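Enquirer: Structure, please.
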Amino acid sequence: MAGRVTVTAVRDASFQVAAGEFVSVVGPSGSGKSTLFYLLGGLTRASGGEIWIDGVNFAALGDAERTRMRRARIGFVFQRFNLLPTVTALGNIELAHEIAGVKGPLDRVFLNKLTELLGISGRLDHRPSELSGGEQQRVALARALITRPAIVLADEPTGNLDTKNSEAVLKMLRESSRELGQTVLMITHNPEAAQIGDRVLHMRDGEMVREEKIATALSPD
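Expert: Residues are numbered from 1 along each chain as shown. Next comes the predicted model:
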């Protein structure tokens with residue numbers, strides 16, 4: 001019988017991200033990017049180390065406290081859109097507001113501004129199956145931003161999209177970051193997509209091996 005083998009997916013990955021900064025994390029398959037994403041989002045508990053968010057060691061919180069902080073402070077955008085198929089685009093966005101436990105009714109003015117920015121205001125009464133891949137990802141982005149989270153974590157947000165829709169989603173993510181002042185951490189295997197950020201962190205074998213500063217953050221035409 002083979003013994004258990006311990007694999008450390010992320011180690012010595014020490015870095016800071018300023019409020020309102022857009023940082024991309026790149027690296028080959030197996031470099032630890034996705035594990036880092038789940039650790040930062042509190043979806044996986046770290047076996048060691050610290051994760052500080054606004055003066056709080058997120059990694060040290062209990063499950064209930066971590067869940068509350070995640071819902072209140074962090075928005076997620078995944079490669080798979082993860083939209084509820086039986087609910088309209090608007091319903092998917094509204095559900096995120098309810099789950100987050102935000103006090104008060106949904107801010108309709110902000111909802112209108114957000115969906116206009118993302119170019120989906122005319123598609124809100126459609127179910128996911130009636131939307132293109134690019135539209136579904138924009139709905140997923142609106143769902144992540146509707147609670148005005150301080151931090152947005154995006155894991156390969158263009159991985160399932162063609163070039164045109166990828167460029168559109170990246171542009172929207174960059175513009176929404178600037179408009180709303182959110183900190184964005186985007187995991188991607190695409191070095192060209194990473195250039196839209198303010199900085200690029202390069203991972204290999206679970207470690208941060210290089211940092212690249214973008215003199216002028218690019219925005220797709």
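Enquirer: Asp107 and Glu179, how far apart?
Expert: For Asp107, the distance to Glu179 equals 15 Å [C-beta to C-beta, to the nearest Å]. (Each C-beta comes from the backbone N, C-alpha and C, glycine too.)
Enquirer: ok, now Asp205?
Expert: From Asp205 to Glu179 the distance is 37 Å (C-beta to C-beta).
Enquirer: if we can go back for a sec, who has more neighbours out of Asp107 and Glu179?
Expert: A count of neighbours by other C-beta atoms under 10 Å puts Asp107 above the other of Asp107 and Glu179, at 15 against 12.
Enquirer: so what secondary structure elements neighbour the helix-or-strand element of the chain with minimal mean pLDDT?
Expert: When each helix and strand of the chain is scored by mean pLDDT, DSSP states H and E, helix 163-180 comes last, with a mean of 81. In terms of contacts (3 or more C-beta pairs under 8 Å, 6 or more residues apart in numbering; DSSP states H and E), helix 163-180 is packed against helix 108-118, helix 133-145, strand 151-155, strand 183-187.
Enquirer: Swap in 10 Å and give it another go.
Expert: If you count contacts as 3 or more C-beta pairs under 10 Å, 6 or more residues apart in numbering; DSSP states H and E, helix 163-180 packs onto strand 22-26, helix 108-118, helix 133-145, strand 151-155, strand 183-187, helix 191-194.
Enquirer: List the buried residues for it?
Expert: By 16 or more other C-beta atoms under 10 Å, the buried positions in helix 163-180 come out as Asn165, Ser166, Glu167, Ala168, Val169, Leu170, Met172, Leu173, Arg174, Ser176, Ser177, Leu180.
Enquirer: my read: the first one touches Leu141, true?
Expert: No: between Asn165 and Leu141 no contact is recorded; they are 11.9 Å apart, counting by C-beta atoms under 10 Å.
Enquirer: show me the contacts for the residue nearest to Ala18 when sequence neighbours are not counted.
Expert: Distance criterion C-beta to C-beta, 6 or more residues apart in numbering; nearest residue to Ala18, sequence neighbours excluded, is Thr183 at 7.3 Å. Shown in contact with Thr183 (C-beta atoms under 10 Å, 6 or more residues apart in numbering): 17-23, 53, 73-74, 149-153, 177.
Enquirer: Can you give me the separation between Thr183 and Val209?
Expert: For Thr183, the distance to Val209 equals 22 Å [C-beta to C-beta].
Enquirer: Kindly report the same for Leu114.
Expert: In terms of C-beta to C-beta, Leu114 sits 36 Å off from Val209.
Enquirer: Of the two, give the one with the bigger neighbour count.
Expert: Neighbour totals were compared for Leu114 and Val209, and Leu114 leads with 23 against 13 (other C-beta under 10 Å).
Enquirer: Excluding chain neighbours, what is closest to the more buried one?
Expert: Computed as C-beta to C-beta, 6+ apart, the closest residue to Leu114 that is not its neighbour in sequence is Ala142, at 5.4 Å.
Enquirer: Surely the one you found and Leu106 touch.
Expert: No: taking C-beta under 10 Å as the definition, Ala142 is not a contact partner of Leu106, at 11.8 Å.
Enquirer: Of the two, which one has the most company?
Expert: Between Ala142 and Leu106, Ala142 has the larger neighbour count (other C-beta under 10 Å), namely 26 against 16.
Enquirer: secondary structure element for Phe76?
Expert: strand 74-77 (DSSP states H and E).
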